[in-house]
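Colleague: Predicted coordinates and the sequence they were generated for:
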Amino acid sequence: MNWQNIVEQIEIATGSPFQLANAQPLAGGDINSAYCLQGQNRSYFIKLNRPETSAMFAAEAEGLIELAKSKTVRVPAPVVHRSTEQHAYLVLEFIEFGSGGKTSQSLLGQQLALLHQQHQPFYGWRCDNNIGSTPQPNNRSDDWLEFWRIHRLQHQLHLAATKGYRGHLQTSGEQLCHRLAGFFDGYRPHPSLLHGDLWGGNAATDRHGNPVVFDPACYYGDREADLAMTELFGGFSPDFNAAYRETYPLDQGFAVRKKLYNLYHILNHLNLFGSGYLRQAEAMISGLLSEIR
């Protein structure tokens, strides 16, 4: 790998010289290759992918900027993103992670609650982005149910159909899509700024114990969608949940709606990783339909 082009772009973006000492590959990513570019006085985190993924990195950088503007929870600052004939890349601030505890989890809960109090007048966002490597449309809407139906559930169901997942998944999924109002009786969410992909692997603490979130899939929507995902794959403690609810109490209907919001991610996993998620998706849809009176 010839790092010279990236080093030059870092120097242009920062206005400071950067002498590369070492490029250390990092593990943990399913979608991108990741490296730490180490210099004498500073380091940068680099994501690499195919040239055609440059729009994905541009949207991720926009999401990090949007989160940073909220002045709530720390995110890695984007430095520069470009594409060459060989790669698209995103350069980020390198944050040295440390170990967190109860205090860090509580602080993350408080900060996420403050993030969710950043509102705008409509649902969606100024650009589309990705949830994992799946395109995520963020078309502006004044109707949350319409947004969730069309741009989240039906979008994933359509992708599933193109991959051969038809039959019961599609018929029951469409039935659910047309009965969403049954989950929102007396509840109209504010369009809150969401991280959008908030599972345990996308949150950490820096070496001072301050929470950090990264790999966002930002848009403005129901804050319950972020909270639901924190419960889907684990990684967030009771201290996190208690601090969030103390700062920004939840509607009692969250207990059911979180299943609706997590269905989106299970459908996405079906589309990304295959049929091992089919039965779980079908069972979630059946359970949600049974909740509607």
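Modeller: Now that the structure is in, tell me what you want to look at. Given the structure is predicted, the values throughout are model-derived calculations rather than measurements. Numbers count the residues shown, from 1 in each chain.
Colleague: Next one, pLDDT for the most centrally placed residue in the chain please.
Modeller: Nearest to the geometric centre of the chain sits Asp197, at 2.2 Å (Cα atoms, centre = their mean). pLDDT for Asp197: 98.
Colleague: ok, it touching Ala217?
Modeller: Yes: Asp197 lies in contact with Ala217 (Cβ atoms under 8 Å); the separation is 4.2 Å. Placement of C-beta: from N, CA and C, glycine included.
Colleague: shared neighbours of these two, which are they?
Modeller: Contact criterion Cβ atoms under 8 Å, 6 or more residues apart in numbering; residues shared by Asp197 and Ala217: Ile131.
Colleague: picking up where we left off before, who are the neighbours in contact with the residue nearest to the centre of the chain?
Modeller: Contacts of Asp197 (Cβ under 8 Å, 6+ apart): 131-132, 215-217, 229.
Colleague: which one of those sits closest to Leu67?
Modeller: Pro216 (6.1 Å; Cβ to Cβ).
Colleague: In which helix or strand does the residue nearest to that closest one when sequence neighbours are not counted reside?
Modeller: Leaving aside its chain neighbours, Pro216 sits nearest to Gly63 (4.0 Å; criterion: Cβ to Cβ, 6 or more residues apart in numbering). Assigned by DSSP states H and E, Gly63 falls within helix 54-69.
Colleague: Give me the domain ranges for the chain.
Modeller: Using automatic domain parsing, the domains assigned to the chain come out as 4-94, 98-291.
Colleague: next one: the lengthiest helix in the chain to chain centre, how far?
Modeller: Secondary structure of the chain per DSSP state H: the longest helix is helix 254-273. Centroid displacement of helix 254-273 relative to its chain, using Cα atoms, centre = their mean, to the nearest Å, is 13 Å.
Colleague: Which secondary structure elements does it sit against?
Modeller: Packing contacts for helix 254-273, counted by 3 or more Cβ pairs under 8 Å, 6 or more residues apart in numbering; DSSP states H and E, involve strand 134-136, helix 155-162, helix 223-232, helix 278-291.
Colleague: Could you rerun that using 6 Å?
Modeller: Packing partners of helix 254-273 (3 or more Cβ pairs under 6 Å, 6 or more residues apart in numbering; DSSP states H and E): helix 155-162, helix 223-232, helix 278-291.
Colleague: average pLDDT for it?
Modeller: pLDDT averaged over helix 254-273 gives 98.
Colleague: repeat for stretch 280-293
Modeller: 95.
Colleague: before we move on, what about stretch 48-57?
Modeller: Per-residue pLDDT over stretch 48-57 has a mean of 96.
Colleague: Which positions within that stretch qualify as buried?
Modeller: 48-49, 53-57 (16 or more other Cβ atoms under 10 Å).
Colleague: How about stretch 276-291?
Modeller: Buried residues in stretch 276-291, counted by 16+ other Cβ under 10 Å: 277-278, 281-282, 284-285, 288.
Colleague: Contacts for that stretch next, please.
Modeller: Stretch 276-291 is contacted from outside by 168-169, 172-173, 176, 256, 259-260, 263, 266-267, 269-270, using Cβ atoms under 6 Å, 6 or more residues apart in numbering.
Colleague: switch the cut-off to 7 Å
Modeller: 165, 168-169, 172-173, 175-176, 256, 259-260, 263, 266-267, 269-270 (Cβ atoms under 7 Å, 6 or more residues apart in numbering).
Colleague: Thank you, goodbye.
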